[in-house]
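K.L.:
Prediction below, plus the sequence it came from.
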Amino acid sequence: MNPIQPALFVPHGAPTFALRPGAAGAALVAKAATLQLPRAIVIVSAHWDTAVPTVGFAEKLETIHDFWGFPEALYAIRYPATGCPEASREVVAALEQAGLPVATDATRGLDHGAWVPLRLMFPDAEVPVVPLSVQSRGGPEQAYALGRALAPLAARGFLIVGSGSITHNLRDYQAASSGGQTPAYVREFADWLATQTTAGNLPALLDYRRQAPGGMQAHPSEEHLLPFHVALGAGGGHPRSQRFHAGIDDYVIAMDAYAFEQGEPA
């Protein structure tokens, strides 16, 4: 019998997170150590953005180095993940059962939003991985619906992982790279999100761009927060939430991580 899995939201930080994982990396390693080994991992990365939910079917997953101008050591990293067509078909079926459109991709590998955290959490790459795209045009409501469609898979041993960032403002990141300090909105937004998550305030979480302090500045575009909404939805109707890491890297990147345990049947 497969162990029931939580849904996770994890940060992938700047690409250099792979070389300097720090406190956030240690938190991901510690969380992974508490999990029973999943049957498969569904990874929803902010860096695979498509018009329609798309499920990866590759049996050997290429390590995609989708970044430029970083240390050479990053480009030498390979994460030897394998896929599982049977698990991919179950993901497709779950989305179809929920009435969502779905496409497939036979060649998609793992971008850095996927392999960086997975390499920390499952360094032996012993668990099959199914990549699943995010749809930034659909906003939080669509991302949450995507997660709800995935929620029944938790009881079949699937670990649903959303990978993004609680704050993601590239202009502020570039400004901070030459020295600076953390803008107030970074902590304010991260703490607001944590408060609303603990309270189970779904309407506020879906409407964060209007209701949260610094919502628009934290996310000039939405793709890096939507994996949070996917993980939230994958936790079921009334999930028990845990912010198992809170911290800031590079002045402006909130590296908070969350676990969502299903509080009722999906």
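P.N.:
On my side now, so go ahead.
K.L.:
Could you list the buried residues of stretch 31-50?
P.N.:
Neighbour-count burial for stretch 31-50, with 16 or more other Cβ atoms under 10 Å as criterion, is recorded at 31-32, 35, 38-49. C-betas here are computed from N, CA, C, even on glycine.
K.L.:
Downstream of the worst-scoring helix or strand of the chain on mean pLDDT, the next helix or strand is which one?
P.N.:
Every helix and strand of the chain was ranked by mean pLDDT, DSSP states H and E. The lowest is helix 170-176, at a mean of 82. Scanning forward in sequence from helix 170-176 by DSSP states H and E, the next helix or strand is helix 184-199.
K.L.:
Need the mean per-residue confidence for that following helix.
P.N.:
Taken as a whole, helix 184-199 carries a mean pLDDT of 97.
K.L.:
now do stretch 103-111
P.N.:
98.
K.L.:
And the biggest strand by length in the chain, what does it pack against?
P.N.:
Longest strand in the chain, counting residues (DSSP state E): strand 40-49. Secondary-structure packing of strand 40-49 (3 or more Cβ pairs under 8 Å, 6 or more residues apart in numbering; DSSP states H and E): helix 112-121, strand 129-134, strand 158-164, helix 226-234.
K.L.:
after the shortest one, next one along is what?
P.N.:
The reference is to strand 129-134. Next along the chain from strand 129-134, counting by DSSP H and E, comes helix 139-150.
K.L.:
From the rest of the structure, what touches that following helix?
P.N.:
7, 42, 44, 53, 91, 94-95, 97-98, 100, 132, 134-135, 158, 160, 162, 202, 205-208, 222, 225-227, 229-236, 266 (Cβ atoms under 8 Å, 6 or more residues apart in numbering).
K.L.:
what bits of the stretch 51-200 of the chain have low per-residue confidence?
P.N.:
177-179 (pLDDT under 70).
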